[in-house]
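K.L.:
need a 3D model of the sequence below.
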Amino acid sequence: MKKLYIRTFGCQMNEYDSGKMADVLGACEAYQRTDRPEEADVILFNTCSVREKAQERVFHDLGRVRALKAARPEIIVGVGGCVASQEGEAIVKRAPYVDVVFGPQTLHRLPQLIARRKESGRPQVDVSFPADEKFDALPSAREDGAAAFVSIMEGCSKYCTYCVVPFTRGEEISRPLEDVLAEISALAARGVREVTLLGQNVNAWRGALEKDGGGEVGDFAFLLECVQAVAGIERIRFTSSHPREMTPRLIEAFARLPKLAPQLHLPVQSGSGRVLAAMKRGYTVLEYKSVVRRLRAARPGLSLSTDFIVGFPGESEADFEKTMQLIDEVGFDGAFSFVYSARPGTPAADMEDPLPQETKLAWLARLQTRIDEQAQEISRAMVGGIERVLVEGPAKKNEAELSGRTANNRVVNFPAPPHAHARLIGQFVDVEIVTAMPHSLRGKLALKEERA
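P.N.:
Here you go, the predicted structure:
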């Protein structure tokens, strides 16, 4: 059996795509995944171009496998993902030992690209955007435990001034309803109990109710209603959403659909209206807060995480203070926050950016400290309560314990009798929270679970 090494950078969409790379190769030939590139027959880097450091890290890692390629010319080295889509042929020019370059929309062609590389002796580059073809060509999903990711759309049509995603993944294209439901039903039949629906702007999904594309089109709220009806699926999440697509019907779904987790990732990026306008986000701070208010009215106790970009070109101290004010007003339960980095080809890259890097880093540290404080406050408030937890497997630091996730997506570690592990893994159980740790919770099986 040949061995496959995949290094993944970036978002959950990339994590999902890496799994699909393994699937499409495995459908043609038996591969065993390995964490050691030196023993692999195929080495793939699934890249991200959202952050400058992530992009440079790819070329750094490529440099490390150059010696492997020199020692074993028969191995295949491939670069996929958003950096591949953005750079294309330039990757081969910079690293001529790379065999295949493919974009997010052409990963399903990976076996053919490798075959053509072996036949022709020349590197193969395909960074086109056949999204519909990709969805049709991918093999059936494979589950890894009781939770699974399901991609329901590709691309982005928002064109925020700082973002390369529309250029690397293309315009928004939604999978047909029946394809999404068929994949989720198959996962449920194999024991999956929780699904996370994925997309760059997942709540922008607009799917044909029939695969031929004719007839009616359903919105994202309708898709959630359909997933709610899938037997075996007990919890639904989705990421990443856009405030502009948070429609009244979708907000209402949080009140109507009990399987929909009381947790949402809703990127805001800044608390300054002036900065949001420069980012071309398409909403105001007041509109964002209105969405949050309506969501929490529909689902009291909703846990909300977000994204922030700190130090956007032209951002002032006053703009940053408005972001800190928004954090205090909303009460976020987590955030992915970054210092702005210019991406080539985006409008923001041409904006004047006089702010010193040390100022941006100081702002970032202050912002993240406040977010962490809020998250810890929420964790402490959970102590003493009973949480419904999907048991994922043994705890990372102590295999005698089990680990799972709460409805608001917190990791909980708890002791359980060794003989009960096999029965509990992959199931929902009630766990009493006893301690709030900095990045996780500790719990114990609720009394009724202990008796069972």
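
K.L.:
how about the contacts made by residue 265?
P.N.:
239-241, 304-307 (Cβ atoms under 8 Å, 6 or more residues apart in numbering). Using the backbone N, CA and C atoms, a C-beta is placed for each residue, glycine as well.

K.L.:
what values do phi and psi take at it?
P.N.:
For residue 265, the backbone dihedrals (degrees, to the nearest 10) come out as phi -100, psi 110.

K.L.:
how near is it to residue 308?
P.N.:
According to Cβ to Cβ, to the nearest Å, residue 265 and residue 308 sit 12 Å apart.

K.L.:
for residue 120, same thing?
P.N.:
Counting by Cβ to Cβ, the gap from residue 120 to residue 308 is 46 Å.

K.L.:
who has more neighbours out of the two?
P.N.:
residue 308 (24 against 9; other Cβ atoms under 10 Å).

K.L.:
show the contacting residues for that one.
P.N.:
268-270, 323, 335-338, 367.

K.L.:
repeat the analysis, applying 10 Å as the threshold.
P.N.:
Contact analysis of residue 308 by Cβ atoms under 10 Å, 6 or more residues apart in numbering lists 267-271, 323, 326-327, 332, 335-339, 363-364, 367-368, 371.

K.L.:
quick check on the contacts of residue 265: which are buried?
P.N.:
239-241, 304-306 (16 or more other Cβ atoms under 10 Å).

K.L.:
which strands and helices sit next to the longest helix anywhere in the chain?
P.N.:
Criterion DSSP state H: the longest helix present in the chain is helix 357-382. With contacts defined as 3 or more Cβ pairs under 10 Å, 6 or more residues apart in numbering; DSSP states H and E, helix 357-382 has these neighbours: strand 303-310, helix 317-330, strand 335-339, strand 428-436, strand 441-445.

K.L.:
my read: residue 97 touches residue 78, true?
P.N.:
No - using Cβ atoms under 10 Å, residue 97 is not in contact with residue 78, being 11.2 Å away.

K.L.:
between those two, what contacts are shared?
P.N.:
Here residue 97 and residue 78 have residue 123 as joint contacts, going by Cβ under 10 Å, 6+ apart.

K.L.:
quick one, which of these two is more surrounded?
P.N.:
More crowded of residue 97 and residue 78, by other Cβ under 10 Å: residue 78, with 25 against 17.

K.L.:
what kind of secondary structure is that one in?
P.N.:
strand (DSSP: H, G, I helix; E, B strand; the rest coil).

K.L.:
tell me the phi and psi of the residue nearest to it when sequence neighbours are not counted?
P.N.:
Distances taken as Cβ to Cβ, 6 or more residues apart in numbering place residue 100 nearest to residue 78, at 4.2 Å, with adjacent residues excluded. With angles defined as degrees, to the nearest 10, residue 100 shows backbone torsions of phi -140, psi 140.

K.L.:
circling back: now the helices and strands packed on helix 357-382 in TSV, with mean pLDDT?
P.N.:
Shown next, in TSV, are the helices and strands packed on helix 357-382 (pLDDT from 0 to 100):
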stretch	mean pLDDT
strand 303-310	97
helix 317-330	98
strand 335-339	94
strand 428-436	97
strand 441-445	96
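
K.L.:
which one of those lies closest to residue 179?
P.N.:
Closest approach to residue 179 among these (Cβ to Cβ): strand 428-436, 27.1 Å.

K.L.:
and the closest one, what does it pack onto?
P.N.:
Packing partners of strand 428-436 (3+ Cβ pairs under 10 Å, 6+ apart): helix 357-382, strand 386-394, strand 401-405, strand 411-415, strand 441-445, helix 447-451.

K.L.:
hmm, 6 Å instead?
P.N.:
helix 357-382, strand 386-394, strand 441-445 (3 or more Cβ pairs under 6 Å, 6 or more residues apart in numbering; DSSP states H and E).

K.L.:
is it fair to say residue 3 lies in a strand?
P.N.:
Yes - using three-state DSSP, the assignment for residue 3 is a strand.

K.L.:
isn't it right up against residue 40?
P.N.:
Yes - if you go by Cβ atoms under 6 Å, residue 3 and residue 40 touch, sitting 4.8 Å apart.

K.L.:
more neighbours: which of the two?
P.N.:
For residue 3 versus residue 40, the count of surrounding residues by other Cβ under 10 Å is larger for residue 40: 24 against 16.

K.L.:
which residue, other than its chain neighbours, is closest to the more buried one?
P.N.:
residue 5 (3.7 Å).

K.L.:
and residue 284, how close does it get to residue 364?
P.N.:
The value you get for residue 284 to residue 364, if Cβ to Cβ is used, is 24 Å.
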